[in-house]
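>>> Requesting a structural model of the entry that follows:
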Amino acid sequence: MGNKIQIIDVQADNVSQTGFFCYMSQRKTEGYQRKLSWLKERLAEGMRIKMFKLPERGFIEYLPGEYAWRSVSTNGYMFIHCLWVVGRSKGKGLATMLLDECIMDAKKSGMLGVAMVTSEGNWLVGKEFLLKHGFVSVDSVPPSFELMVKKFGNAPSPTFTKDWARKLSRCGKGITVFRSDQCPYIENAVKIVLDMAEELGIKCRVVELNSCSDVRNVAPSAFGVFSVVYDGKLVAHHYIGNKDLLERIAELHKMEIPEN
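Predicted coordinates:
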């Protein structure tokens, strides 16, 4: 198997041709183009994306922790944004292969270790996979976020930035959407919220997170790059479907959900 599987190393000089795994069939969409522009800036900061050459399907995105686009303090560590293997490529040990690439790069770069945010019940990597590869949980945030770390030696543990109450207090009444371009799916997620707010007649504003510092200091959730706040309460820690979001807002204010 190992001789046949090829890994593409995405670089600034080939990303326009190779893509970055997600939205590969939708390159003309705004979500893809925004991610592409964002990614070109991140590659200059040391970001790496490695993905399998077809027919295998999977990728990993990571960068030095001081540039991490999550609500974390991970200076000195290599930080993984995404690790995703899909479809028929699952169950072949390919996620381990990608993780090993990251660990190898982190060691070559003299990092303290590798860190990643996990969560259960969604598309994010669950902590069980990382536990099997020597990671440990060093911090946690409700409802299910954990900061997992594989240290290469005796080093201080990274942490979530937290301070959620202060960040939420800035939002005021109505819906506030925090977004970045770290993921191409975010564009559609924002549209879902804006359409729902218009349907319900609720004031809505969008806060653009334009830097990793914004994510650490402004974003009110551990996932960081997308969240939804309603009347000062966090109702979406990451992007979710219209129905789920509507039900959460309805529960907060006992609103009647419109019939479709």
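>>> where exactly do the helices run in this protein?
15-18, 30-43, 94-108, 127-131, 164-169, 186-200, 212-217, 242-253 (DSSP state H).
>>> Tabulate those (CSV), appending mean pLDDT.
Shown next, in CSV, are these (pLDDT from 0 to 100):
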stretch, mean pLDDT
helix 15-18, 89
helix 30-43, 93
helix 94-108, 97
helix 127-131, 94
helix 164-169, 92
helix 186-200, 88
helix 212-217, 96
helix 242-253, 71
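>>> Can you list the low-confidence ranges for the stretch 51-200 of the chain?
121 (pLDDT under 70).
>>> Let's see that with 90 instead.
87, 90, 119-126, 142-144, 162, 172, 185, 188-189, 192-193, 195-200 (pLDDT under 90).
>>> Distance to residue 154 and mean neighbour count for the helices of the chain - can I get that in JSON lines?
Every C-beta, even on glycine, is put in place using the N, C-alpha and C of the backbone. As requested, those are arranged in JSON lines below (distance: least, C-beta to C-beta, whole Å; neighbours: other C-beta atoms under 10 Å):
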{"stretch": "helix 15-18", "distance to residue 154": "37", "mean neighbour count": "12"}
{"stretch": "helix 30-43", "distance to residue 154": "30", "mean neighbour count": "17"}
{"stretch": "helix 94-108", "distance to residue 154": "16", "mean neighbour count": "17"}
{"stretch": "helix 127-131", "distance to residue 154": "20", "mean neighbour count": "17"}
{"stretch": "helix 164-169", "distance to residue 154": "30", "mean neighbour count": "14"}
{"stretch": "helix 186-200", "distance to residue 154": "38", "mean neighbour count": "17"}
{"stretch": "helix 212-217", "distance to residue 154": "25", "mean neighbour count": "18"}
{"stretch": "helix 242-253", "distance to residue 154": "43", "mean neighbour count": "15"}
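>>> Redo those helices as TSV? Include distance to residue 115.
TSV is the format used below for those (distance: least, C-beta to C-beta, whole Å):
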stretch	distance to residue 115
helix 15-18	24
helix 30-43	17
helix 94-108	10
helix 127-131	10
helix 164-169	20
helix 186-200	22
helix 212-217	14
helix 242-253	29
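>>> Compare those helices and report which one is nearest to residue 151.
helix 94-108 (10.6 Å; C-beta to C-beta).
>>> quick one: that closest one to chain centroid distance?
18 Å (C-alpha atoms, centre = their mean, to the nearest Å).
>>> give the contact list for residue 129.
Shown in contact with residue 129 (C-beta atoms under 8 Å, 6 or more residues apart in numbering): residue 95.
>>> Now residue 169. Nearest residue, chain neighbours left out?
residue 232 (6.7 Å; C-beta to C-beta, 6 or more residues apart in numbering).
>>> meant to ask about residue 136
residue 149 (6.2 Å).
>>> mind checking how far the one you found is from residue 118?
Using C-beta to C-beta, to the nearest Å, residue 149 is found at 11 Å from residue 118.
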